[in-house]
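> my questions concern the predicted model and sequence given below.
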Amino acid sequence: MHETTAFSERVKVSPEIVDRFGDLHPPFEGQAAIGEANRCLFCFDAPCAGACPTHIDVPRFIKKIASGNLAGSAKTILEANILGASCSRACPVEVLCEGACVLHRYNKQPIEIGRLQRFAMDAFHASGAALPFEPGVDTGLCVALIGAGPASLACAAELRRKGIRAAIYDARPLPGGLNTYGIAEYKLPLVESLREIDMLAQLGVEFRFETVVDAAMLTELEAENDAVFLGIGLGTIHRLGLDGEGLLGMTNALDFIAGYKAGEITTVAARVAVIGAGNTAIDAAIAAVRLGASEVHMVYRRGPEQMSAFQFEYEHARHEGVKFLWHVQPVGIVGESSLEALKLQGRDGEFVLPVDSVVLAIGQGTHSEFAGASVQMERGRVVIDKATGQTANPKFFAGGDCTNGGREVVDAVADGKRAGLGIAAWLEVAHG
Amino acid sequence: MVKPTLETTFCGIKCLNPFWLASAPPANCGEQVMRAFDAGWGGAVWKTIGEPITNVSSRYSSIDWAGQRMMGFNNIELISDRPIEVNLKEIAEAKKRYPKHVIIASLMVESKRETWHDIVKRAEDAGADGLELNFGCPHGMSERGMGSAVGQVPEYCEQITGWVKEVARTPVIVKLTPNISDIRMPARAAKRAGADALSAINTINSITGIDLDTLEPNPNVDGKSSHGGYCGPAVKPIALNMVQQVMSDPQAALPMSGIGGVGGWRDAAEFILLGASSVQVCTAVMHYGYRIVEDMSDGLLEWMKSKGYGTIDEFRGLSLPNVREWKNLNLNYRVVAQIHADKCIGCQLCYTACWDGAHQCIHLDRAEGGMDAPVLGTDPRYVVHEPNPHGKATPAMVEVASARAISTTPIPKLDTGGAGSNSSVTPLHRIPRVDVDECVGCNLCSLVCPVEECITMEKIDTGLRPETWAERTAVAAVNPNL
């Protein structure tokens, strides 16, 4: 354990990455935030709060911005969502809180909830204040959480508030999972994710990094702990199943995004093709543009109407200059030692797209083999009771991408929160 | 159709329009007043002339509301700090260059007959079209026995007005202070003494706020403050009431120059409908400059055209008969709220307002068929004195249900829609329903609703003939058994 060094101080921020990945949604200036906050109608049982998976009381925190109670505003956010700062930047607010804003039906301009939330959280972090929660009185109970992503972090925070020990295991050297390594840097910089997780250390959450939990260790943890939470996310990105996938220049979106966020990748080749058309594919394509590619193609086997990326992500990619090849499927990889081109099958026959790099973003696999022995799975997903996160094996709880098939940070936080409360309630019955 | 005109007269003084600068900083000197006339103001009441004073710094403070600046404004500035002869010379000059524009000299001197005689003569010699006696200034000057110290004592008011009338050749306007329990008393005193007109209201005693860092009030003068005079949009309702009280009192009513929160043509129209012949403006000019008079004129003319009024006099005072004592209102008139679902955006402010601030008669049961089978027959005004007689969901129950709901981010093409996915149509369960039987017709829901015409108050035929409280108690007095 690095007892003294904060997570956010263990990484070196690359000035070049900072420069190339400036804020997509710049923060509010003080007076602009108050003006925007005053525009909020203060709905009763507000739809924005209902649309938020973590049910942040949005009008309440917004009115606290308007009243000048910024500490109270951040407290309101953190009460519902321990990763309130990350979510304020990473959430697809267009289909969540802001999408639900009643002002769509009034003057068509929804409240900029995401930016207001960031304003409150930035002010909170700038104030240097501690988390507004205390760990509960120690119960002597302990829970192992597998994976240090948002689901486990949220779960651990709830457990600590109830006086339950929480130890998080992760294969990586730093916490946060995809919140740290997988969100486009212009939305949520890696260091900001770590800064927020640093706050959790105050609650006494323990971390065991660079620890790969295998089936045998899972059995051990089950025996040593009062409950186990699986926040293991999804597996590696699928491969195309073509010859030449090992060629230099072939990569996948998660490695690519994590690489540039960690400062290990600072440039890309001139011609990049991204295979897939989900939100991660878009992130990878835009990153390629920002890192200096002169030509970025997205290759998708179906049409725009089937694309799983959000509409606003698609618009953003087009705005950044990404080109789209619809109804096209890779059928071959051309190259000797390094990649030269992709052979593509389109509606009008086969053609060759010269590329220097290919980024695969065609969905992630699952951890069925690892988790399947302990809990019930369905189509690769861990089956849970949604309200409590409990699996068919009562000692196991789960949440996040491994249960929902891959959604947003905020969904994982909501899952983790419900599971934390679920574990505490279950343990209270069992040990009460 | 006759083209309407804003030209009017104020107790004999011809005016290009009824819009005057009030006696205040915007009418401090000739240079300002002449620029105001160029911008379209019909008249100006000069910043009060008297023995020059020394002002403090700072002098103004204000109340902001929901991001809007200067909803209410406060000052601790005294009367003119310029020599009397300079003010009079500039009045003469301005009057010479703008003969058709009205200049009223506002006056305040110590309470001596000769001193008042002297200042009246000098102001009229300078060419003032009329005089306004400042019996209203609530701060500073009142500590020296002037301003509101006079206006608050009807006898003083009557005496000084009388002195002025002994020598005045032009109309005398008495400016009233609102810092008194019944504004009709000084108004009657002024009328008894022969005043030609009144103006109301002057500013209201106020402390606008305390700095929560320093614990010092505003406006800050070396860490201290003093109560000031409150004005601006916030005071208009108080001013309208006081103007109505004076204008409805035969012993007090005189030509009236309405003052208090006038910033646009609508405000002006309201003062005129309650009997004012001109309006005076200060705060709005201090906020936005003289240019605001353009829309005051244009807007009022357009409104007059749409209503068919050719002159100010044609609608002056028309709303006075509609203001009555409460006992003369019809107890058998009934309105109930109607929520127009097609306009509802689902904010549910009406719901929370009705439950917490009114009579618990708005419900969130449309999705459960609340509109199809409303329970009737429990009008609480006459039968039931019990809140929520049908056991509908309380706000707390609604919130608990929402807190339990599990929402997830919708994935395009996979999910048919999350809560945030179809924002163009208000979901049925978010549109509140009014229990028309329980509704007492208080207006609150229609006032909090942010959408125009979404909640309307609809007249319900009670089948009862009109009856006032006065009538009902008169009948009861005759026949105690009723």
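Perfect, I can see it now. These numbers come from a predicted model, not from an experiment. Numbers count the residues shown, from 1 in each chain, chains lettered A, B, ... in the order given.

> domains of the chain?
Since no chain was named, I'll use chain A. Using automatic domain parsing, the domain ranges for chain A come out as A:24-127, A:142-235+A:365-431, A:250-360.

> my question was about chain B
According to automatic domain parsing, the domains of chain B span B:8-322, B:326-400+B:424-460.

> sec struct for the residue nearest to residue B:18 when sequence neighbours are not counted, please.
Take residue B:18 and drop its neighbours on the chain: the residue closest to it by Cβ to Cβ, 6 or more residues apart in numbering or on different chains is residue B:278, 4.2 Å away. C-beta: built from backbone N, CA, C; applies to glycine. Secondary structure for residue B:278, judged by DSSP: H, G, I helix; E, B strand; the rest coil, is strand.

> how much space is there between residue B:278 and residue B:297?
Using Cβ to Cβ, to the nearest Å, residue B:278 is found at 13 Å from residue B:297.

> between these two, which contacts overlap?
Counting by Cβ atoms under 8 Å, 6 or more residues apart in numbering or on different chains, the common neighbours of residue B:278 and residue B:297 are residue B:19.

> tell me which parts of chain B are close to chain A?
In this structure, chain B approaches chain A at residues B:66-67, B:345-349, B:351-352, B:395, B:398-399, B:402-414, B:418-421, B:423-426, B:430, B:450-451, judged by Cβ under 8 Å from any Cβ of the partner chain.

> could you redo the last one with a cut-off of 7 Å?
B:66-67, B:345-349, B:351-352, B:395, B:398-399, B:402-403, B:405-413, B:418-421, B:423-424, B:426, B:430, B:450-451 (Cβ under 7 Å from any Cβ of the partner chain).

> these in helices, which ones?
If you go by DSSP state H, those have B:349, B:351-352, B:395, B:398-399, B:402-403 in helices.

> and those residues, which are buried?
B:349, B:351-352, B:395, B:398 (16 or more other Cβ atoms under 10 Å in any protein chain shown).

> isn't residue B:402 right next to residue A:45, touching?
Yes: taking contacts as Cβ atoms under 7 Å, residue B:402 lies within contact range of residue A:45: 5.3 Å.

> tell me if I'm right that residue A:122 and residue A:27 touch.
Yes: using Cβ under 7 Å, residue A:122 is in contact with residue A:27, at 6.0 Å.

> ok, those two, which is more surrounded?
For residue A:122 versus residue A:27, neighbours defined as other Cβ atoms under 10 Å in any protein chain shown are more numerous around residue A:122 (19 against 15).

> just to be sure, the more buried one is in a strand?
No: checked against three-state DSSP, residue A:122 lies outside a strand; its state is helix.

> wait, what's in contact with it?
residue A:27 (Cβ atoms under 7 Å, 6 or more residues apart in numbering or on different chains).

> for residue B:249, same thing?
If you count contacts by Cβ under 7 Å, 6+ apart, residue B:249 has them with residue B:184.

> so what pLDDT did it get?
Among the per-residue scores, residue B:249 holds a pLDDT of 98.

> so it, which of the three states?
From three-state DSSP, the assignment for residue B:249 is coil.

> pretty sure residue B:73 sits in a strand.
Yes: counting by three-state DSSP, residue B:73 is located in a strand.

> and the residue nearest to it when sequence neighbours are not counted, how far from residue B:208?
Nearest non-adjacent residue to residue B:73, counting by Cβ to Cβ, 6+ apart: residue B:232, 3.9 Å away. In this view, residue B:232 and residue B:208 are 10 Å apart by Cβ to Cβ.

> got any residues that touch both of the two?
Taking Cβ under 7 Å, 6+ apart as the criterion, residue B:232 and residue B:208 both touch residue B:72.

> ok, now how distant is the residue of chain A at minimum distance from chain B from residue A:9?
Nearest residue of chain A to chain B: residue A:99, at 2.8 Å (Cβ to the nearest Cβ). For residue A:99, the distance to residue A:9 (Cβ to Cβ) stands at 37 Å.

> so the two - more neighbours on which side?
Counted by other Cβ under 10 Å, residue A:99 and residue A:9 do not tie: residue A:99 has more neighbours, with 24 against 13.

> give me the three-state assignment for the more buried one.
helix.

> output the below-cut-off pLDDT ranges for chain A.
Applying pLDDT under 70 to chain A flags the ranges A:1-4, A:432.

> nearest residue to residue B:237 other than its sequence neighbours?
residue B:261 (7.9 Å).

> any idea how far that neighbour is from chain A?
Computed as Cβ to the nearest Cβ, to the nearest Å, the residue B:261 to chain A distance reads 21 Å.

> number of nearby residues for the closest residue to residue B:294 other than its chain neighbours?
Among residues not flanking residue B:294 along the chain, residue B:40 sits closest, at 5.8 Å (Cβ to Cβ, 6+ apart). A total of 19 residues lie near residue B:40 under the criterion other Cβ under 10 Å.

> next one: residue A:338
Counted with other Cβ under 10 Å, residue A:338 comes out at 12.

> give the contact list for it.
By Cβ under 7 Å, 6+ apart, the neighbours of residue A:338 are A:247-249.

> just the buried members of the residues you listed?
Using 16+ other Cβ under 10 Å as the threshold, A:247, A:249 are the buried ones among the contacts of residue A:338.

> secondary structure element holding the nearest residue to residue B:83 once chain neighbours are set aside?
Leaving aside its sequence neighbours, residue B:83 sits nearest to residue B:52 (Cβ to Cβ, 6+ apart; 5.7 Å). Under the criterion DSSP states H and E, no helix or strand holds residue B:52.

> residue B:52: what's it in contact with?
So residue B:52 contacts B:80-83 (Cβ under 7 Å, 6+ apart).

> those in helices, which ones?
Using DSSP H, no member of the contacts of residue B:52 sits in helices.

> for those, which ChimeraX command selects only the ones that are buried?
Entered in ChimeraX, the line below selects the buried ones among the contacts of residue B:52, by 16+ other Cβ under 10 Å:
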select /B:80
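
> show me which of the contacts of residue B:52 is closest to residue B:306.
Nearest to residue B:306 among these, counting by Cβ to Cβ, is residue B:80 at 41.1 Å.

> relative to chain A, how far out is the closest one?
36 Å.

> what sits against the nearest residue to that residue once chain neighbours are set aside?
Using Cβ to Cβ, 6+ apart and skipping residues adjacent in sequence, the residue nearest residue B:80 is residue B:47, 4.7 Å away. Residues in contact with residue B:47 (Cβ under 7 Å, 6+ apart) are B:23-25, B:27-28, B:79-80, B:106.

> related to what we said a few turns ago, from the contacts of residue A:338, which land in helices?
Counting by DSSP H, the contacts of residue A:338 contribute nothing to helices.
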